[in-house]
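Enquirer: Here is my input; please provide its structure:
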Amino acid sequence: MKTKFLIAALFSAVVGTFVLSSCKKEVDELPLNQTIVGKWNFTSFKLDTSEYMGNLIDSAYIEYKATANGKTEFTQSVVFADSDADVISGDYTVNDITKSVTMTTESKIISSTVTIKDDKMVFVSSQDGKPLIIKAEKE
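Expert: Just a heads-up that it's a prediction; the model follows:
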């Protein structure tokens, strides 16, 4: 009798272990067009091999607004160490499949790959034919 009880308890423990270990809670990843919305403060602005944040750039941010009236708008501000500021704005589109964002201003189109994890964004693009990597944190 003790043997049957011991075997049944052991079997229950083994089955329980497999059942509980396979019940991981899956975290649903929101699509890029939702996670990108908000204000992002730049922590790094690296063009080619040069870091500009803290050197030539005092502060910078980009803000992606939620869709309103069928439009998605952005504003980017860069404040340089010499007190000059450069502000651009326009519309943006997001491709959730390729994780890319295309921003359109009056004078140019900027395409980039964007990854977001834990309210940190990495924006990979090019400027003047050189690689541009911007890192930012959500405000």
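Enquirer: Backbone dihedrals for the closest residue to residue 96 other than its chain neighbours, please?
Expert: Distances taken as Cβ to Cβ, 6 or more residues apart in numbering put residue 31 closest to residue 96, at 4.6 Å, once the chain neighbours are dropped. C-betas here are computed from N, CA, C, even on glycine. Main-chain dihedrals, residue 31, degrees, to the nearest 10: phi -70, psi 150.
Enquirer: Same question for residue 52.
Expert: Dihedral pair for residue 52: phi -100, psi -30, per degrees, to the nearest 10.
Enquirer: so it makes contact with residue 43?
Expert: No - using Cβ atoms under 8 Å, residue 52 is not in contact with residue 43; the gap is 11.7 Å.
Enquirer: More neighbours: which of those two?
Expert: The neighbour comparison of residue 52 against residue 43 (other Cβ atoms under 10 Å) goes to residue 52, with 18 against 14.
Enquirer: Low-confidence ranges, the protein, go.
Expert: 1-28 (pLDDT under 70).
Enquirer: about what we covered before: I figured the residue nearest to residue 96 was touching residue 95, is that so?
Expert: No - if you go by Cβ under 8 Å, residue 31 and residue 95 don't touch, sitting 10.3 Å apart.
Enquirer: Enumerate every residue touching the nearest residue to residue 51 once chain neighbours are set aside.
Expert: Once flanking residues are discounted, residue 51 sits nearest to residue 44: 6.5 Å by Cβ to Cβ, 6+ apart. Contacts for residue 44 (Cβ atoms under 8 Å, 6 or more residues apart in numbering) come out as 51, 53, 133-135.
Enquirer: Would you mind giving the residues you listed as a markdown table with neighbour count added?
Expert: Listed next are the contacts of residue 44 as a markdown table, based on neighbours: other Cβ atoms under 10 Å:
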| residue | neighbour count |
| --- | --- |
| 51 | 13 |
| 53 | 17 |
| 133 | 16 |
| 134 | 24 |
| 135 | 15 |
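Enquirer: Now, the residues you listed that are in helices?
Expert: With DSSP state H as the criterion, helices contain none of the contacts of residue 44.
Enquirer: nearest to residue 104, of those residues?
Expert: Nearest to residue 104 among the contacts of residue 44 is residue 134, at 17.8 Å by Cβ to Cβ.
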